[in-house]
Every structure is written in structure tokens, then in C-alpha cells.
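# Build me a model from this:
(chains A and B)
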Number of protein chains: 2
Amino acid sequence: MHYKISSENHIFSFTKDNKPVLFVKDGDEVEIETLDCFSNQIKSNNDRLESMDWNKVNPATGPIYVEGTKEGDVLEVTIKKIEIANKGVVATGKDLGVLGDLMEGLYSKVVDIKDGKVIFDEKVSLPIKPMIGVIGVSPKEGNINCGTPGSHGGNMDTILIGEGAKLYLPVFVEGALFALGDLHAAMGDGEVGVSGVEVAGSVTVEFRVLKNFKLSNPMVKTKDVTATIASDESLDKAVKISVHDMAKLFQSFTKLSIEEIATLFSIAGNVQISQVVDPLKTVRFSLPNWVLESYGIVF
Amino acid sequence: MHYKISSENHIFSFTKDNKPVLFVKDGDEVEIETLDCFSNQIKSNNDRLESMDWNKVNPATGPIYVEGTKEGDVLEVTIKKIEIANKGVVATGKDLGVLGDLMEGLYSKVVDIKDGKVIFDEKVSLPIKPMIGVIGVSPKEGNINCGTPGSHGGNMDTILIGEGAKLYLPVFVEGALFALGDLHAAMGDGEVGVSGVEVAGSVTVEFRVLKNFKLSNPMVKTKDVTATIASDESLDKAVKISVHDMAKLFQSFTKLSIEEIATLFSIAGNVQISQVVDPLKTVRFSLPNWVLESYGIVF
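Numbers count the residues shown, from 1 in each chain, chains lettered A, B, ... in the order given. Model (predicted):
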């Protein structure tokens, strides 16, 4: 089945208390309309961040209840299509992002998106590379603001989560309660100024429920690489978690010793930064798909 | 002039007390022979890390005195050629690297390098991508073990420092006192197991002395990107330093406001991990060269 949901159905935190806006089955496809990370409040350069309602940031459209999904399963989300608006917003400011110590006040700028490019200024236009900033499921208990990443996914701001990618999320509650939002037309690893090119848009995803393996944290697979994703207050700890998660995957699928795994990872794998500003930081550990396939790791 | 120096001329720390083994001029080229990071002590799988002399790790060949070079200058080092041996060593062990908590004892394995590939095992052969692990100049005071990275360069283990790259090093003492070693046939970002594919070899470099701009930390330029490099005990701090260094470069070459710089960096730049095991950790902030060139940043 193919469904469509509007961005009017959105949440500002992931929690099992959110009422599902759609019930789908394994194999169903949903076209999900999204607001931008400022709930579309900044429409022109006359709209100021200072006068914006900050309770309305990082909306995610959903949640969607995936039938037959239980705690301990893995939800595979194939990102089939991303469409984005023709205007985006870039923003930064005092105490925001890595250079926030050098600024006074808040800053935002509306940029045009035209012919596959973001027009940053008269000198630089960047090729668009649409991706999803916020994407996740409900945690087991409590609620997690959509601005924060974690084991449930959330605001991971990971550039690999774009068209064609498959995201794997551990499921903590019945039905998973999936939602997404915060599209970026383009973003660099780190998102050092605190925003990407923030845009409204829509994303078409397909769901599959996996019972045959376990995950502690999200994992993403593109056409080239598979990456375990981890978030923590410190990048150093996030690195440790992401590499250990990939080691667990290898230990469950292969007979390689931990020494073989460590040396293989050291020469073939890449620890990469997704974002450093959310305020938990997100790291991913990537390996080429052909390396996993050489050892028969297929899920 | 073209010179050649043998790996017999090596040091285990960067310090102004090291006696130069060669004097060269701006524009000269040197072919530098290097030992591997274990001083070639592991030649076969019978040679054990446990019985190795650990005072002889991370040798760098040099130092080379570059005439006319003073404190405050920048030394540009063009890496013209890297040749590597046909055998390498991978190593890991208890408390070494990101997975060291899961191991007992030390582990090393000699691997063949054949037809442009590292033969890891019967399933996986990786394309070689030779790079330089240790490369730097003398600090102003004291001595820094060749196993440690810093503002002077040293054990940065940055995969961008390969054939064709230009490395920019701040100069702290007269003559710079340049040295390099610790070649890798291949390595992943992070070097999570504590070693790359460690090899002996030789590197041909050309020196140029730059008086027209200042650097606080190393910077590298490949055919595609320019990256500021920073090392610190915490990745989080290293991120901050690398991004601030790139911002300083933009502020000295352009009239962009800090807000424009921060948003540009956020959408066009990538914070990337070089290594997390040396024991200071190394991060780089990369921007496409065409972005710098669009703003007239040429040095």
C-alpha cells in the first residue's frame, strides 16, 4: 500500500505517548510531508530568529505505527525519494555551533535552491545533496526532544541518510512509532555552524520489519558503505560505541577473532563525524559494503 | 638540487637539539628513505611484538635543515612520490586502540602487498593508498616523541598526506628541522586498531618557504580539498581548533563576516577524524579547493 501524510501531523519529541497518525504494515510505503527545522517560520530575510517561537523547532512528521513490530526487532526504512522546496534557510549565532564564541546575536539567511544548486552568495553555489536530519522511533520510556539524537535515532544529522539509503533502527515499543523531519538541501559533516540548508519537503519511505538480528543503535547502509551510528556528549565516547557496535555485528555474523576485526577495521574502516552541535554529538563508523559481503554479512 | 638520505639517519623525537643530517635550500628536492613504525623489527610472523624493543618505535628520517627558514614562516612540503615495500605489518592488542578492552596480549601479522593491493586474508584484499604517518618540524622548546602529533605535525596519521599533497607546517626554529617516517600502505580514518598497514619505503618531497601567511597548526592541500589539522586529548577540542584555524584563514584572506563563514562552513565543510589512538587525537576540517579559490584564497 502507498500512503501519504501531511506535515500538519507532527511531533516535537519522540515518546510512546504520541498517538499514531497512520497505521501501516511491513512492506508499505509512505510519502511523508515535512516542515523545515524552524516549522517554516523563517520565510524571508525579514523574518528574524529572535522573534521566532523556539518551542516549534525540529518538528518530525508522524508517528507512524508499523504493525507487527515489537521491542527487540529492527525497523528497516528504505528512503526511496526526497523532494525539497526551492528555498532554504541557513542560520547560526552567538554560542551556537563551533564558531559561536566569535559572534553576537543570531543570524539567518534565506537562500534560493535552483537547478540542483544552493545559491549561497554571488561567489559560491553548492550542489544539493538532500538528506534527513531527524529520523527515529519512540524510546522505551520518557520522551526525547526531536532536537536530540540517541539510540532511537532522532536528530542524527548524518549526511548518509539520503535518497537510496536504508536506515536500520532498533525498536523499543510496539509499532515502533516512526517519524521524520528536518530535511537539509545540503550539509557538511559536523554541521559546525548549527544548521544545514534547512528546507521543507517530502520523503517517501518503505518499511520492513527484521526479526533476524539485533541492534543497540542505528545503522545506515548506502550503495557504497554500511555505518554504525552512535551519539554521546563526547565524540571520544561516541567513537568507542560506534566501533564496538560494528565489532558486535562482525562477531555475530563471522568467526573472525577480535584481533582480526580490530586490524581489519583499522585499515578498511573510517570513523566519521556526523554532527557536533545537537547537543549530543554523532559519530559513524563506516565500512565498504564489499568488505561485509566478503565475510557473508547480509541482513 | 636533488638529494637522497638513508633511513640510518633517524630520530625518535622532534627537538631543536637534533643535529641536521642534510642542509637544503628553498626549491630543493629530497628522496627520504624510511623505516616502518617498528624500525623494521617485525619481519615475519615469528617476530613477536612482545620481544620487540619498544624504544625504537615511530622513527622519522631526518632532520633536514631548510636554509632561510625562520620562526613564523610556513614550510610547504610537496609530496612528489611515495614508494613502499612489498610487505607490511598490522598490529593491535590489549588496551591498544578502540577495541583494546576486548583483547588479551599483543597481536601482529605480516601482510603481503602485491599488484597494488594489501592481502589482508583469503577473503579481503584492499587497494593500497600510501600515506605518511609521521611528518613534522621541531617545536620551539623541548622535545616531542615521534609517536605524538601536535602543532609541529608529528604523528598526525592523516590519510590526506599522500602522493600529490602539499603539507603546510608552521616553523618554530631556524631551519625548520623537518623529518618524516611511519608510512602506511593503507589506513582508515581513525586508525581504530592502533596501526595502519605499516611499511618501510621512501618519500620524495620538495620544499618551499612561505613568508606571506601565518599558521598556528598544520594544513594540507590535496587536488580536491584543503584541510586544517588539529590535535588534542579530546576530539571535541580538536574539532574546535581545526574549525577556528580555517575561520582565521578566511578572515585574513576575505571580507566575509564570521556569520557568513560559519554558515558556509556548516554546509560546505567537513569535520573529519584522522586518528584517535596516538594518544593525542587528530581532526581535520576540509573544504573543497574551489570554495577557497572562489573567495580568492591562494597562497
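# show me what contacts residue A:48?
A:106, A:108 (CB atoms under 8 Å, 6 or more residues apart in numbering or on different chains). C-beta coordinates here come from the backbone N, C-alpha and C atoms, glycine included.
# Phi, psi for residue A:101 please.
Phi and psi for residue A:101, reported as degrees, to the nearest 10, are phi -70, psi -10.
# Kindly apply the preceding question to residue A:87 instead.
Backbone dihedrals for residue A:87, given as degrees, to the nearest 10, come out at phi -140, psi 140.
# So what's the residue count around it?
20 (other CB atoms under 10 Å in any protein chain shown).
# Check chain A for its longest helix and report it.
helix A:235-253 (DSSP state H).
# So which elements touch it?
strand A:225-232, helix A:258-268, strand A:270-275, strand A:281-288, helix B:235-253 (3 or more CB pairs under 8 Å, 6 or more residues apart in numbering or on different chains; DSSP states H and E).
# And the pLDDT for residue A:278?
Per-residue pLDDT puts residue A:278 at 89.
# which phi and psi does it have?
The phi/psi pair for residue A:278 (degrees, to the nearest 10) is phi -110, psi 10.
# Give me the neighbour count for the residue nearest to it when sequence neighbours are not counted.
Nearest non-adjacent residue to residue A:278, counting by CB to CB, 6 or more residues apart in numbering or on different chains: residue A:155, 5.0 Å away. Neighbourhood size, residue A:155 [other CB under 10 Å]: 30.
# is it true that residue A:155 touches residue A:184?
No: look at residue A:155 against residue A:184 with CB atoms under 8 Å: they stay out of range, at 11.4 Å.
# Need the residues touching each of these two.
Common neighbours of residue A:155 and residue A:184 (CB under 8 Å, 6+ apart) are residue A:133.
# can I get the helices and strands packed on helix A:235-253 in CSV with distance to residue B:52, mean pLDDT and mean neighbour count?
Formatted as CSV, the helices and strands packed on helix A:235-253 follow (distance: least, CB to CB, whole Å; pLDDT from 0 to 100; neighbours: other CB atoms under 10 Å in any protein chain shown):
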stretch, distance to residue B:52, mean pLDDT, mean neighbour count
strand A:225-232, 33, 98, 26
helix A:258-268, 17, 98, 25
strand A:270-275, 27, 98, 26
strand A:281-288, 29, 98, 26
helix B:235-253, 29, 98, 21
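# Turn the ones you listed into CSV, including distance to residue A:81.
Converted to CSV, the helices and strands packed on helix A:235-253 look like this (distance: least, CB to CB, whole Å):
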stretch, distance to residue A:81
strand A:225-232, 21
helix A:258-268, 31
strand A:270-275, 22
strand A:281-288, 23
helix B:235-253, 33
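# Among those, which comes closest to residue B:67?
With CB to CB, the closest approach to residue B:67 among the helices and strands packed on helix A:235-253 belongs to helix B:235-253: 27.0 Å.
# Now that closest one - C-alpha only, CSV.
Extracted C-alpha coordinates of helix B:235-253, given in CSV (Å, rounded to 0.1, in the frame of the first residue of the first chain):
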residue,chain,number,x,y,z
LEU,B,235,38.3,15.1,19.8
ASP,B,236,35.8,17.8,20.8
LYS,B,237,38.6,20.3,21.4
ALA,B,238,40.5,19.3,18.3
VAL,B,239,37.3,20.0,16.3
LYS,B,240,37.1,23.5,17.7
ILE,B,241,40.7,24.2,17.0
SER,B,242,40.6,23.0,13.4
VAL,B,243,37.4,25.0,12.5
HIS,B,244,38.7,28.1,14.2
ASP,B,245,42.0,27.8,12.3
MET,B,246,40.1,27.7,9.0
ALA,B,247,38.0,30.6,10.1
LYS,B,248,41.2,32.6,10.7
LEU,B,249,42.4,31.8,7.2
PHE,B,250,39.1,33.1,5.7
GLN,B,251,39.2,36.2,7.9
SER,B,252,42.8,37.0,6.8
PHE,B,253,42.1,36.5,3.1
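# mind checking how far it is from the chain centre?
18 Å (CA atoms, centre = their mean, to the nearest Å).
# can you state the direction angle for that helix and strand B:270-275?
Counting by axes from the mean of the first three to the mean of the last three CA atoms, to 10 degrees, helix B:235-253 lies at 130 degrees to strand B:270-275.
# got the residue ranges for the strands in the stretch 1-150 of chain A?
A:2-5, A:10-11, A:13-15, A:22-24, A:29-34, A:60-66, A:74-84, A:87-93, A:106-114, A:117-119, A:125-127, A:131-136, A:143-145, A:149-150 (DSSP state E, counting those that start in this stretch).
# Would you reformat those strands as JSON lines and include distance to chain B?
Formatted as JSON lines, the strands of the stretch 1-150 of chain A follow (distance: least, CB to the nearest CB, whole Å):
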{"stretch": "strand A:2-5", "distance to chain B": "28"}
{"stretch": "strand A:10-11", "distance to chain B": "24"}
{"stretch": "strand A:13-15", "distance to chain B": "24"}
{"stretch": "strand A:22-24", "distance to chain B": "32"}
{"stretch": "strand A:29-34", "distance to chain B": "19"}
{"stretch": "strand A:60-66", "distance to chain B": "21"}
{"stretch": "strand A:74-84", "distance to chain B": "14"}
{"stretch": "strand A:87-93", "distance to chain B": "4"}
{"stretch": "strand A:106-114", "distance to chain B": "4"}
{"stretch": "strand A:117-119", "distance to chain B": "7"}
{"stretch": "strand A:125-127", "distance to chain B": "6"}
{"stretch": "strand A:131-136", "distance to chain B": "11"}
{"stretch": "strand A:143-145", "distance to chain B": "21"}
{"stretch": "strand A:149-150", "distance to chain B": "15"}
